[in-house]
Structure formats: C-alpha cells, structure tokens
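Chemist: coords please:
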Amino acid sequence: MLLLVNGPPGVGKSTVARRWADDHPRSLVVEVDELRTGLGGWAGDDGSRLLARDLAVDLITSHLGRGYDVVVPQYLGRPEFRDRLRVLASELGVAFVEVCLVAPVEVSVGRFRLRRAELAGTSHPEADLADEHVEHAVAVAVARLSASSGVEVDASGDPEATYRVLCRALSGVG
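Modeler: Okay, the predicted model is just below:
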C-alpha cells in the first residue's frame with residue numbers, strides 16, 4: 001500500500017507515519033522535506049522542491065516494487081503530487097490511500113509552533129517561517145485541504161489516539 005498522510009503543518013503527519021511504520025515491518029516512511037534539505041543549496045533553489053519529489057517517487061517505486069508499504073507524510077494543498085502518487089500506485093498494482101489528518105486550527109498552530117522551536121537553528125523549510133505567519137500558514141493549508149478526497153482522521157488527541165483512529169479508518173484497506 002502507498003499511504004499518503006496529508007494535513008496542515010503541525011497536525012502530526014510525521015508522528016503518525018512513523019507510528020504506522022513501527023507497526024508494519026519494513027514499511028518505509030518517505031519524508032519529502034528531508035530529501036529536499038539533504039540536497040546541497042536547497043534553500044536558494046526552488047527547483048529543489050521538484051527534485052525532492054522526483055527522488056521520493058524513485059524511493060517509493062523501489063520499495064513498493066519489493067512488496068513493502070510506503071508512507072508519505074506530506075502536506076499537499078495542490079493535487080499534482082497526490083495525482084502522481086495515485087497513478088504510480090495504480091501502475092504498480094498497489095492500493096493508494098490518502099488520509100487527511102484534521103484538528104482545530106488552534107491545535108495545529110500550537111503544535112506547529114512547538115515543531116518550529118525544535119527546528120530552530122536547523123536548515124528546514126518550516127524553520128524559516130516567522131512566528132507571526134504561523135497561524136496564517138496553517139489557515140491557508142486547512143482551506144486548501146477542504147477539497148481533499150482523502151479519508152479524514154481526527155488528530156486533535158494525542159498521537160496514540162490519532163494512530164488508533166487511523167487504524168480503524170484503514171481497516172480492510174490495502
């Protein structure tokens with residue numbers, strides 16, 4: 001299965017994806033932002049976004065081809081990469097499932113601010129966002145996700161509760 005965990009910044013996508021992988025041996029979590037920040041000069045190169053996505057597709061293709069699940073925790077407010085993943089899964093004959101983690105905006109904003117604090121001093125796309133812009137960035141993400149076709153999963157509780165809701169939502173899929 002190719003599992004896309006979508007949602008606004010700070011909602012818990014990476015945490016839930018890692019939790020899923022912990023329970024599914026040999027599953028691979030593909031973090032597009034980690035691939036991007038691993039590229040030399042990424043911060044000054046807008047092309048690094050697309051290159052990181054291409055690298056992610058290469059990893060996903062290889063791992064799914066070996067018969068293992070892949071989880072992609074990534075905010076996707078526009079459909080292009082989501083559609084690319086959906087087509088890839090179809091070509092490889094595996095299930096494609098998108099879940100969208102949702103929580104009240106204030107919960108996501110609080111979590112996003114905590115994440116940014118953890119990233120302080122590091123080279124990461126989220127670390128560069130000024131604190132006064134966090135609430136707006138989360139609100140924009142939520143608005144863009146309102147048209148998402150994914151299964152909504154309540155992420156307002158703790159990570160373990162969110163993981164249990166995710167498992168119930170995905171029972172029988174894949």
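Chemist: grab the longest helix from this protein for me.
Modeler: What stands out as the longest helix in the chain, according to DSSP state H, is helix 47-65.
Chemist: distance of Arg53 relative to Trp20?
Modeler: 21 Å (CB to CB, to the nearest Å). From N, CA and C alone the C-beta is placed, and that goes for glycine too.
Chemist: neighbour count winner among the two?
Modeler: Per other CB atoms under 10 Å, whichever of Arg53 and Trp20 has more neighbours is Trp20, with 21 against 18.
Chemist: quick check: Tyr163 touching Arg18?
Modeler: No: the pair Tyr163 / Arg18 is not scored as a contact, 9.7 Å apart, by CB atoms under 8 Å.
Chemist: low-confidence regions, the protein specifically.
Modeler: 116-117, 119-131, 133-134, 138-139, 142-143, 146-149, 172-174 (pLDDT under 70).
Chemist: in it, which residue sits furthest out from the middle?
Modeler: Glu132 (23.4 Å; CA atoms, centre = their mean).
Chemist: strands of this protein, start to end?
Modeler: Listed in chain order, the strands of the chain (DSSP state E) span residues 2-6, 28-29, 70-73, 96-102, 151-154.
Chemist: reformat the ones you listed as JSON lines; add distance to Val109 and mean neighbour count.
Modeler: Formatted as JSON lines, those follow (distance: least, CB to CB, whole Å; neighbours: other CB atoms under 10 Å):
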{"stretch": "strand 2-6", "distance to Val109": "18", "mean neighbour count": "25"}
{"stretch": "strand 28-29", "distance to Val109": "24", "mean neighbour count": "18"}
{"stretch": "strand 70-73", "distance to Val109": "18", "mean neighbour count": "25"}
{"stretch": "strand 96-102", "distance to Val109": "14", "mean neighbour count": "22"}
{"stretch": "strand 151-154", "distance to Val109": "17", "mean neighbour count": "16"}
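Chemist: can you list the ones you listed in CSV and add distance to Gly41?
Modeler: As requested, the strands of the chain are arranged in CSV below (distance: least, CB to CB, whole Å):
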stretch, distance to Gly41
strand 2-6, 28
strand 28-29, 25
strand 70-73, 24
strand 96-102, 31
strand 151-154, 36
